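**Student:** Just a sequence and a predicted model for now, questions to come.
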Amino acid sequence: MNQSELKQVAAERAALFVEDGMTIGLGTGSTVFFLVEAIARRIKEEGLHIQGVATSSRTANQAAELGIKMLDLNDVDHIDLTIDGADEIDKHFQGIKGGGAAHTLEKMVAINSTRNIWIVDESKLVPVLGKFPLPTEVIPFGCEQVFKRLEAENLHPHFRLDADGERIRTHNQNFVIDLHMGAIKHPHLLKQFLDSEVGILEHGLFLDLVNTVVVGTQDGAQVLDAKR
Ligand SMILES: O=C[C@H](O)[C@H](O)[C@H](O)COP(=O)(O)O
């Protein structure tokens, strides 16, 4: 199976965690694309009544087109389960997200969810986080000063650019600065620093958040439970 097929294996297994009556957080990305299709199929075939909260307009549009009832995060009193992709997951179930620049909305949905499941192909499991550049979302005002501070901390910042060489904009019209710092030996300390940096709206370190990881492997889907 190629990487895309492994993503699909993980997504289809995770869709089985959805139960009738649930409010479901729907993540963003190419793995979640398969998830949304699988959930829509279950709604149709099994008559499930579920409602979704999306983490991007991409996911919201796909889900709505497939007939999934979608609500705004502001309009729900809880989310039973959020299923999302990830860019890297270490052996302690800590993760990096934001390869698609959706990490701020994803984190908001995740922290408001009773349970979080990540779906990945096996290449995303790593011994130490940091090979994948860590995304941050920065507000445009004063962003060059934020960039300089990140540089001074040796975090190797790069503004993320689109195919035309323009700085990409997030859902909230902010910029993304990716940190190419290599191995993240102390993720909690880094999180503490990034959380306290004025001008950084959010970052893609998702620590102590996920409950279950579903991995697409050549032998099928593997379900790994984090002890939280
Ligand atoms: O901003 C994007 C998200 O964090 C994605 O969940 C993450 O980048 C994984 O994406 P994919 O499933 O396409 O590999």
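**Tutor:** Yep, it's here. Quick caveat: nothing in here was measured; it's all calculated off a predicted structure.
**Student:** Confirm for me that residue 178 is in contact with residue 133.
**Tutor:** Yes: under the criterion of C-beta atoms under 8 Å, residue 178 is in contact with residue 133, at a separation of 3.8 Å. Any C-beta I mention is one placed from the backbone N, CA and C, and that applies to glycine too.
**Student:** list residues touching both of those two?
**Tutor:** Contact criterion C-beta atoms under 8 Å, 6 or more residues apart in numbering; residues shared by residue 178 and residue 133: residue 158.
**Student:** can you tell me the average pLDDT over the strand ranked longest in the chain?
**Tutor:** In the chain, with assignment by DSSP state E, the single longest strand is strand 113-121. Average pLDDT, strand 113-121: 98.
**Student:** Is the ligand within reach of the helix or strand just after that strand?
**Tutor:** Once the chain leaves strand 113-121, the next helix or strand it forms, by DSSP states H and E, is strand 134-138. No: residues of strand 134-138 are not located near the ligand by C-beta under 6 Å from any ligand atom, the shortest gap being 7.3 Å.
**Student:** how much does the longest helix seen in the chain deviate in direction from strand 113-121?
**Tutor:** Determined from DSSP state H, the single longest helix within the chain is helix 30-46. Going by axes from the mean of the first three to the mean of the last three C-alpha atoms, to 10 degrees, helix 30-46 is angled at 110 degrees with respect to strand 113-121.
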